[in-house]
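Chemist: model the following, please.
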Amino acid sequence: MRMGVKQVMVRMALAVLAAGPCAQALADVPVPGVDTFTVHSTVPAEDRHMVVYTPPGYATSGLSYPVLYMPDGGLQEDFPHVAEMADKLIRAGEMAPVLIVGIENTERRRDMTGPTTVASDKAIAPRVGGSANFRAFIAGQLIPHVESHYRTTKQRGLIGESLAGLFVVETLVRQPSLFDVYIAISPSLWWNNAALAAGPLDKLKTKQAAVRLVYLTSADEDTIAPHVATFARALKQAKLPGLRLVYEPRPAEHHDTIYRASEESALKAAYPVGH
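Modeler: Predicted coordinates for the structure are as follows:
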């Protein structure tokens, strides 16, 4: 089911009112070209709602565009400010145009986390460790749906912060051929005793893993920043051909400010004009 732009903007405004003063910044987000649809996931069996940003001129250009997928991508989550920043940069000629597909959460901590042997990890939610199913849904159902309903190139990116950033890194390590751009903002690499922080990176070394950019950043969190630095070091030492690593730690930022503080830099690095 799709929803018109006016209906989407009304939902955004209602979401702001319901969320209270801390979400007030979303009230004036002028994001045009927004569409929604629902896909029924087979594993687990549930409906998943998507929000799509289409860039200026999409309706009339006839061109095809890269797609940036984002967990935490609901209208009450991170979609509005990321789409607004992308729209601003595209209109200013500072970023190549892209489609952005926001994936609204159902069970966030289940979907963003992989298996863990740590008791405190398992205690954060009734169900954890479902990232493989979430990734299978994205690969097997969501991407085919988007590519059959929108004009897309084969370039695909993934962006996320915190646990969604953990999912970005895990996808890069476990199934790197799924995307060519990976943006992980303060990824929660403490998960499972930081097992992902040092790789392994063997799957990135195959010809099928045509990853062109990995963007990493972290805030002032002592439970995250050291692990992000370790992962960035492992990527750098691997000297993977064709892969550009951008590592921009931001120790002046906090967990609740790092996404907005780094999204402009991340989007410019991922989709430079003329690329």
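
Chemist: against Ile183, how distant is Lys268?
Modeler: Distance, Lys268 to Ile183, using Cβ to Cβ, to the nearest Å: 11 Å. C-beta: built from backbone N, CA, C; applies to glycine.

Chemist: the helix or strand containing Tyr215 packs against which elements?
Modeler: Take DSSP states H and E as the rule and Tyr215 turns out to sit in strand 213-217. On a contact count with 3 or more Cβ pairs under 8 Å, 6 or more residues apart in numbering; DSSP states H and E, strand 213-217 meets strand 181-185, helix 225-238, strand 244-247, helix 258-270.

Chemist: just checking, Arg174 touches Leu201?
Modeler: No - counting by Cβ atoms under 8 Å, Arg174 sits too far from Leu201 to count as a contact (10.9 Å).

Chemist: surely Ser177 touches Gln208?
Modeler: Yes - when contacts are counted by Cβ under 8 Å, Ser177 is listed as touching Gln208 (4.5 Å).

Chemist: okay, these two: which has more neighbours?
Modeler: Neighbour count, other Cβ atoms under 10 Å: between Ser177 and Gln208, Ser177 has more, with 14 against 7.

Chemist: pretty sure the more buried one sits in a helix.
Modeler: Yes - membership of Ser177 in a helix is supported by DSSP: H, G, I helix; E, B strand; the rest coil.

Chemist: that one and Ala210, how far apart?
Modeler: Taking Cβ to Cβ, one finds Ser177 at 7 Å from Ala210.

Chemist: with Phe137 instead?
Modeler: 22 Å.

Chemist: show residues contacting the longest strand seen in the chain.
Modeler: In the chain, with assignment by DSSP state E, the single longest strand is strand 152-161. Contact with strand 152-161 is made by 64-72, 78, 82, 98-99, 112, 143, 146, 166-168, 171, 178-187, 258-259, 266, 270-271, as judged by Cβ atoms under 8 Å, 6 or more residues apart in numbering.

Chemist: quick one on the thing from earlier: which one of Phe137 and Ala210 has more residues nearby?
Modeler: Each of Phe137 and Ala210 has its neighbours counted (other Cβ under 10 Å); Phe137 has more, 21 against 14.

Chemist: three-state assignment of that one?
Modeler: Taking three-state DSSP, the label given to Phe137 is helix.

Chemist: end-to-end on stretch 132-144?
Modeler: With Cα to Cα, to the nearest Å applied, stretch 132-144 spans 18 Å between its terminal residues.
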